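Q: Quick one: sequence plus predicted model below, questions after.
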Amino acid sequence: MNHEQHTLLKKLLESYGPSGNEEKIRDIIREEIRDYVTEIRTDTMGNLIAIKKGSGKKVMIASHMDEIGVIITGIDEKGFLRFSNVGGVSPYVSLGQRVLFQDGTLGVIGMEDLENMKDLKLNKMYIDIGAETKEEAAKKVQIGDMACFYQPMAVLEKNIVSKGLDDRIGCFVAIEALKRIQSSTNELYFVFTVQEELGLRGARTAAYGLNPDLGIAIDVTSTGDTPKAKPMAVELGKGPAVKVMDKSVLCHPIVKKMMIDTANQNQIPYQLEVLEFGGTDSGAIHLTRSGVPSGVLSIPCRYIHTPSEMVSKNDVENAILLLTKILEKPISI
Ligand code: CO
Ligand code: ZN
């Protein structure tokens, strides 16, 4: 990673963007790519759509801007905030974490005294923003406000650790590929989607509106390479993964083959992925109108939906390379 990439990735990862609150991320991405595309717009849902015009097939590339978070459901007399999840948030993972609100208010997640830790549920937990009364808290936070994990990006020798790698790393890969593509006859729609963590909502309307010939989502996937992990053939650092199936999509054989062939032709390492839980934007894209052949390019990631998600720098670079090569080739389906 060069200095500019480091700066961009840090900005993308550390910025606030729980589902439905993607404005900051959208602004960063728009500024970053505006000089590289023919047209750029935001749709009704909030998806950022950047177009590289071409005469060939219409390809939609989707990476989601939103991250998981919490939503305030109540404020008690002593100024403690009750909350619920926005997307997949585990109570165990959240305990002791710091969360950040849109206006910069910082909170700490605590829990009630419990006999048994197995009883830990989000409704036994609260956020402490240092307020002493309901009125004091209400000046800073209202019912319905969202917060996301607060953690700086850390770059290790081989890996990157951060909150929000799901799916800002996908946004980063799409941005870098978009910049590197020299020429392509395909018409490319880079869509930075909203509300993926709530059920692939942004991708659904964007795909309907754009009516693409082919869809590719860029997102993180799990790995099976940690102690006593749920068995899975994907490992960190062994290359980006070509998805075969997850809970939302069975990838189209043409798209899968195109990804594999391109990787082989360019000597880019890759892995095949079957994810037994979770979904991605392609789950929505492939069911659009009368169906859109879709696939997913995944970035292997440990500790997904925690404040310390982890990806390999090599996998990220190879994902950028593979996506660039896929999109540069004239697509015929
Ligand atoms: Co996610
Ligand atoms: Zn994701």
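A: In hand now; what should we look at? Ligands and ions are numbered 1, 2, ... in the order given.
Q: can we go C-alpha only for contacts and neighbour counts from here?
A: Noted.
Q: May I see the buried residues of stretch 316-330?
A: For stretch 316-330, burial by neighbour count (16 or more other Cα atoms under 10 Å) applies to 316-328.
Q: is any part of the one helix or strand Gly283 maps to close to ligand 2?
A: Assigned by DSSP states H and E, Gly283 falls within helix 282-285. No - Helix 282-285 lies out of reach of ligand 2 by Cα under 5 Å from the ion, never closer than 11.0 Å.
Q: Let's see that helix as PDB, backbone CA atoms only.
A: Taking Å, rounded to 0.1, in the frame of the first residue of the first chain, the C-alpha atoms of helix 282-285 are listed here in PDB:
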ATOM      1  CA  SER A 282     -25.500 -10.300  -5.400                       C
ATOM      2  CA  GLY A 283     -28.300 -12.000  -3.500                       C
ATOM      3  CA  ALA A 284     -30.500  -9.000  -4.500                       C
ATOM      4  CA  ILE A 285     -29.000  -8.300  -7.900                       C
END
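Q: thinking Gln151 is in contact with Ser162, fair?
A: Yes - the pair Gln151 / Ser162 is scored as a contact, 6.6 Å apart, by Cα atoms under 8 Å.
Q: Look up the residues that both of these two are in contact with.
A: 307-308 (Cα atoms under 8 Å, 6 or more residues apart in numbering).
Q: can you tell me how far the residue nearest the centre of the chain sits from Ile218?
A: Centroid-nearest residue in the chain: Asp167, 1.6 Å away (criterion: Cα atoms, centre = their mean). Counting by Cα to Cα, to the nearest Å, the gap between Asp167 and Ile218 amounts to 8 Å.
Q: residues in the stretch 151-300 of the chain within reach of ligand 2, list them.
A: 166-167.
Q: Can you tell me which helices and strands the helix holding Gly283 packs against?
A: Applying 3 or more Cα pairs under 8 Å, 6 or more residues apart in numbering; DSSP states H and E, we find helix 282-285 packed against helix 201-210, strand 214-221, strand 294-300.
Q: Gly202: how many residues sit nearby?
A: 31 (other Cα atoms under 10 Å).
Q: show me the contacts for it.
A: 45-47, 193-196.
Q: With Val37 instead?
A: Counting by Cα under 8 Å, 6+ apart, Val37 has contacts 50-53.
Q: Go through those and name the one nearest Val141.
A: Nearest to Val141 among the contacts of Val37, counting by Cα to Cα, is Ala50 at 34.0 Å.
Q: Which helix or which strand is home to the closest one?
A: strand 48-52.
Q: beta partners of the residue in the stretch 1-150 of the chain that ligand 2 sits nearest to?
A: Among the residues of the stretch 1-150 of the chain, His64 lies closest to ligand 2, at 6.6 Å counting by Cα to the ion. Applying DSSP bridges to His64 yields these beta-bridge partners: Thr193.
Q: That one and Val194 touch, don't they?
A: Yes - His64 is within contact range of Val194, at 5.9 Å (criterion: Cα under 8 Å).
Q: which element follows the helix or strand containing Met310 toward the C-terminus?
A: Using DSSP H and E, Met310 maps to strand 309-312. Later in the chain than strand 309-312, the nearest helix or strand by DSSP H and E is helix 313-328.
Q: Would you mind putting the CA coordinates of that next one into PDB?
A: The C-alpha coordinates for helix 313-328 follow below in PDB (Å, rounded to 0.1, in the frame of the first residue of the first chain):
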ATOM      1  CA  LYS A 313      -2.800  -6.900   2.300                       C
ATOM      2  CA  ASN A 314      -1.900  -9.400  -0.400                       C
ATOM      3  CA  ASP A 315      -5.500 -10.600  -0.800                       C
ATOM      4  CA  VAL A 316      -6.600  -7.000  -1.100                       C
ATOM      5  CA  GLU A 317      -4.000  -6.200  -3.800                       C
ATOM      6  CA  ASN A 318      -4.800  -9.400  -5.700                       C
ATOM      7  CA  ALA A 319      -8.600  -8.600  -5.500                       C
ATOM      8  CA  ILE A 320      -7.900  -5.200  -7.100                       C
ATOM      9  CA  LEU A 321      -5.800  -6.800  -9.800                       C
ATOM     10  CA  LEU A 322      -8.400  -9.600 -10.500                       C
ATOM     11  CA  LEU A 323     -11.300  -7.100 -10.600                       C
ATOM     12  CA  THR A 324      -9.400  -4.800 -13.000                       C
ATOM     13  CA  LYS A 325      -8.600  -7.700 -15.400                       C
ATOM     14  CA  ILE A 326     -12.200  -9.000 -15.300                       C
ATOM     15  CA  LEU A 327     -13.700  -5.600 -16.100                       C
ATOM     16  CA  GLU A 328     -11.100  -4.700 -18.800                       C
END
